[in-house]
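Asks: When you get a sec, could you give me coordinates for this:
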Amino acid sequence: MALNVFDHDEYRPPVWKSYLYQLQQEAPHPRRLTCTCEVDNRPKYYGREYHGMISREEADQLLSQAEGSYLIRESQRQPGTYTLALRFGNQTRNFRLYHDGKHFVGEKRFESIHDLVTDGLITLYIETKAAEYIAKMTINPIYEHVGYTTLNQEPTLKKHLPLSPEAPDGPAPAKDDHNTEERLTSLVRRATLRESDLAPKYEKVHNFKVHTFRGPHWCEYCANFMWGLIAQGVKCADCGLNVHKQCSKVVPNDCQPDLRHVKKVYSCDLTTLVKAHNTKRPMVVDMCIQEIEARGLQSEGLYRISGFSELIEDVKLAFDRDGEKADISSNAYEDINIITGALKLYFRELPIPLITYDAYPRFIEAAKITDPEKRLESVHEALKLLPPAHCESLRYLMAHLKRVTQYEKDNLMSSENLGIVFGPTLMRAPDLDAMTALNDIRYQRLVVETLITNEDVLF
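Replies: Residues are numbered from 1 along each chain as shown. Okay, the predicted model is just below:
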C-alpha cells in the first residue's frame with residue numbers, strides 16, 4: 001500500500017454534532033443564595049452560601065424563587081455533615097457534600113462550589129433533555145468510518161520501511177504549518193496517513209485517563225460534544241484519542257501510540273513502545289543483543305556477572321534520551337557486562353513482564369509437569385496467551401540465549417545457568433504471598449531453561 005500523506009480524494013472530514021453543545025449553552029446558570037445573617041461554626045471552605053443547620057423544607061422554600069439557585073446547609077439528621085441544596089426542574093435536589101481540599105459530591109472534584117454547581121446543572125440538564133440520545137450515541141460512530149492514527153508516525157515509517165513501488169517518490173511532505181498540525185485531531189489523522197502493510201500489526205488497548213478539556217471538545221468516537229466543566233471525558237495517554245467515558249468502553253483495541261506521548265524507553269509498556277516506534281521489538285532489545293553477539297559471546301559469566309550499576313544507569317538514560325541513536329559500542333562501554341546489565345534492567349522494569357501476569361500461572365503449571373513431552377506441549381499452549389509483541393520479543397531473546405549456550409565452553413553459561421538469571425527477570429508472580437513467590441523461583445528457572453533448549457520447536 002502506498003504511503004500517501006494527504007489524499008483529498010478519499011478524505012472526508014467528520015461532521016461534529018452540535019446538539020449536546022447547544023443543550024449545554026441552554027443549561028441553567030448557578031445562582032448563589034447568600035445567607036444575610038451571621039452563622040456560627042461556618043466551615044472555612046464555605047462562603048455566604050452556607051446557611052447553617054436548616055431543614056430540607058426551609059431550604060426548599062428559600063430556593064423556590066429561581067432555577068439554578070443553590071445553598072449549603074448542615075444536616076439536622078447527621079450534624080457535622082453538609083448538604084448541597086440545588087434547584088433544578090422545579091424541585092430542590094439534595095446532595096451530600098464533601099471536602100478534602102476540593103469540593104465534590106461524586107467522582108469529580110472542584111476548586112469552588114460555583115464550579116461544582118455549574119457542572120452539575122449542565123449534567124442534569126443534558127441528561128434530562130437528551131437521555132435517549134446519549135444512550136444511542138455509540139450507534140454508527142464516525143470512528144468506524146474514519147478511524148484514527150497519529151501524525152508523527154510519518155517520519156518513523158519513512159525511516160524504517162522501504163518505499164512502496166506504488167509511491168516511488170515516497171510520502172508527500174506535510175505542510176510546514178504549525179496551526180494546521182494543531183488543528184488535526186488524532187481522529188482526523190487517519191485521513192492524512194494510512195498505515196503501511198509492512199508495519200507490525202500488534203493489537204494494543206488504549207490507555208484512557210480521565211481528562212479535563214479546555215474549551216469545547218468533541219468525542220472522536222461518536223462525534224458528539226463532550227459536556228461539562230471538568231473531566232468531560234477520557235484521553236488516551238499513549239495516542240491522545242479523546243472520547244466520552246461511555247464511548248471508551250466500545251473503542252477498538254487499535255491504539256497507535258504517539259511519540260509525543262511516549263517519553264521514554266525503560267519502564268514503558270512493551271506493546272506501546274514498539275507501536276510508537278513502528279518496530280517488531282523494542283530497539284533496546286535488538287541493539288543490546290546485536291552488541292553482545294558482536295563482541296561478548298565468549299565472555300566468561302555472560303549475564304551472570306554484573307556491570308557497574310552507575311554505567312548501566314547511564315545506558316538506560318541514553319536509551320530514554322536518544323532512543324535508537326544511543327551509543328552502546330565498545331568505544332562508549334568497553335565492559336560487555338554493562339550492556340547485558342542494561343538489557344536485564346529493561347526487562348525488570350517493564351510494567352507488565354515479558355511473560356505477562358495473565359500467562360504466568362500457565363507457565364508455572366507447565367513447569368511442574370514431570371513428563372518432558374507433556375511439559376513442552378503445555379509451554380507451547382502457554383505461549384499462545386502472550387500478546388504478539390511480547391511473544392516476538394521472547395522468541396528473539398530465546399534464540400539469542402540459545403546462541404549463548406553454544407559458547408558454553410568459553411562463557412560457562414548453560415541453559416540452566418541462564419534460566420537462573422532470567423527466570424525472575426522475565427517472570428514476576430502476580431500478587432502472590434512471599435512464600436509462594438519464593439517457591440516459584442525454581443519453576444521460573446525451569447520455564448526459561450525449557451524455552452532456551454526448545455527454542456526452535458516452540459517458536
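
Asks: rest of the way, CA atoms for contacts and neighbours
Replies: OK.

Asks: Show me what the helix or strand residue 436 falls within packs onto, helices and strands only.
Replies: Element membership for residue 436 (DSSP states H and E) is helix 434-453. Counting contacts by 3 or more Cα pairs under 8 Å, 6 or more residues apart in numbering; DSSP states H and E, helix 434-453 is packed against helix 360-367, helix 388-405, helix 415-426.

Asks: Export those as JSON lines, with columns for distance to residue 75, mean pLDDT and mean neighbour count.
Replies: What follows is the helices and strands packed on helix 434-453, written out as JSON lines (distance: least, Cα to Cα, whole Å; pLDDT from 0 to 100; neighbours: other Cα atoms under 10 Å):
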{"stretch": "helix 360-367", "distance to residue 75": "52", "mean pLDDT": "95", "mean neighbour count": "21"}
{"stretch": "helix 388-405", "distance to residue 75": "55", "mean pLDDT": "96", "mean neighbour count": "20"}
{"stretch": "helix 415-426", "distance to residue 75": "56", "mean pLDDT": "96", "mean neighbour count": "21"}
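
Asks: could you dump those to a markdown table with distance to residue 381?
Replies: Formatted as a markdown table, the helices and strands packed on helix 434-453 follow (distance: least, Cα to Cα, whole Å):
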| stretch | distance to residue 381 |
| --- | --- |
| helix 360-367 | 8 |
| helix 388-405 | 12 |
| helix 415-426 | 18 |
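
Asks: Any stretches of this protein with poor pLDDT?
Replies: Within the chain, the segments meeting pLDDT under 70 span 1-14, 144-200, 432.

Asks: quick revisit: residues of the helix holding residue 436 that come out buried?
Replies: 437, 440-453 (16 or more other Cα atoms under 10 Å).

Asks: quick one on the thing from earlier: wait, which of the helices and strands packed on helix 434-453 is closest to residue 141?
Replies: Of all the helices and strands packed on helix 434-453, helix 388-405 sits nearest to residue 141, with 28.2 Å by Cα to Cα.

Asks: by contact count, what packs against the closest one?
Replies: Looks like helix 388-405 contacts helix 270-277, helix 283-295, helix 415-426, helix 434-453, helix 455-458 (3+ Cα pairs under 8 Å, 6+ apart).

Asks: In terms of secondary structure, what does the first one contact?
Replies: This means helix 270-277. Looks like helix 270-277 contacts helix 153-160, helix 388-405 (3+ Cα pairs under 8 Å, 6+ apart).

Asks: now the last one
Replies: Other helices and strands packing on helix 455-458, by 3+ Cα pairs under 8 Å, 6+ apart, are helix 372-383, helix 388-405.

Asks: mind listing what's buried in it?
Replies: For helix 455-458, a neighbour-count test (16+ other Cα under 10 Å) marks 455, 458 as buried.

Asks: and what of stretch 48-61?
Replies: By neighbour count with 16+ other Cα under 10 Å, stretch 48-61 contains the buried residues 48, 49, 50, 51, 52, 53, 56, 59, 60.

Asks: what about residue 350, which SS state?
Replies: Per DSSP: H, G, I helix; E, B strand; the rest coil, the secondary structure class of residue 350 is coil.

Asks: what number of residues lie near it?
Replies: 18 (other Cα atoms under 10 Å).

Asks: Isn't it up against residue 271?
Replies: No. With contact defined as Cα atoms under 8 Å, residue 350 does not reach residue 271; the gap is 10.5 Å.

Asks: can you list residues touching both of those two?
Replies: With contacts taken as Cα atoms under 8 Å, 6 or more residues apart in numbering, residue 350 and residue 271 have no neighbour in common.

Asks: Could you tell me the phi and psi values at residue 47?
Replies: When read as degrees, to the nearest 10, the backbone of residue 47 gives phi -110, psi -150.

Asks: How much space separates it from residue 72?
Replies: Relative to residue 72, residue 47 is positioned 9 Å away (criterion: Cα to Cα, to the nearest Å).

Asks: Of those two, give the one with the bigger neighbour count.
Replies: Ranked by neighbour count (other Cα under 10 Å), residue 47 and residue 72 place residue 72 first, with 29 against 15.

Asks: which SSE is the more buried one in?
Replies: strand 69-74.

Asks: Can you tell me the strand partners of the following helix or strand past that strand and which way each runs?
Replies: The helix or strand immediately downstream of strand 69-74 is strand 82-88, counting by DSSP H and E. Applying DSSP bridges, strand 82-88 is found paired with strand 69-74 (antiparallel), strand 91-99 (antiparallel).

Asks: among those strands, which is the most enclosed?
Replies: Highest mean neighbour count among the strands paired with strand 82-88 (mean count of other Cα atoms under 10 Å): strand 69-74, with a mean of 25.

Asks: Can you name the helix or strand that residue 343 falls in?
Replies: In the assignment (DSSP H and E), residue 343 maps to helix 336-348.

Asks: From the contact counts, what lies against that helix?
Replies: Here helix 336-348 touches helix 283-295, helix 309-322, helix 415-426, going by 3+ Cα pairs under 8 Å, 6+ apart.

Asks: Between helix 336-348 and the second one, find me the angle.
Replies: If you take axes from the mean of the first three to the mean of the last three Cα atoms, to 10 degrees, helix 309-322 sits at 60 degrees to helix 336-348.

Asks: Off-centre distance for the helix holding residue 436?
Replies: Chain-centre distance of helix 434-453: 29 Å, with Cα atoms, centre = their mean, to the nearest Å.

Asks: Could you double-check that residue 307 lies in contact with residue 334?
Replies: No. The criterion here is Cα under 8 Å, and residue 307 misses it with residue 334 at 10.6 Å.

Asks: And the two? Which one has more around it.
Replies: A side-by-side neighbour count of residue 307 and residue 334, using other Cα under 10 Å, places residue 307 first with 17 against 12.

Asks: For the more buried one, which residues are in contact?
Replies: With contact taken as Cα under 8 Å, 6+ apart, residue 307 is in contact with 335, 336, 337, 338, 339, 340, 341.

Asks: still on that earlier bit, with distance to residue 405 added, can I get the helices and strands packed on helix 388-405 in a markdown table?
Replies: Formatted as a markdown table, those follow (distance: least, Cα to Cα, whole Å):
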| stretch | distance to residue 405 |
| --- | --- |
| helix 270-277 | 26 |
| helix 283-295 | 12 |
| helix 415-426 | 6 |
| helix 434-453 | 9 |
| helix 455-458 | 12 |
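
Asks: tell me, how many neighbours does the residue nearest to residue 228 when sequence neighbours are not counted end up with?
Replies: Spatial nearest neighbour of residue 228, chain neighbours left out: residue 119 (5.3 Å); criterion: Cα to Cα, 6 or more residues apart in numbering. When neighbours are defined as other Cα under 10 Å, residue 119 has 24 of them.
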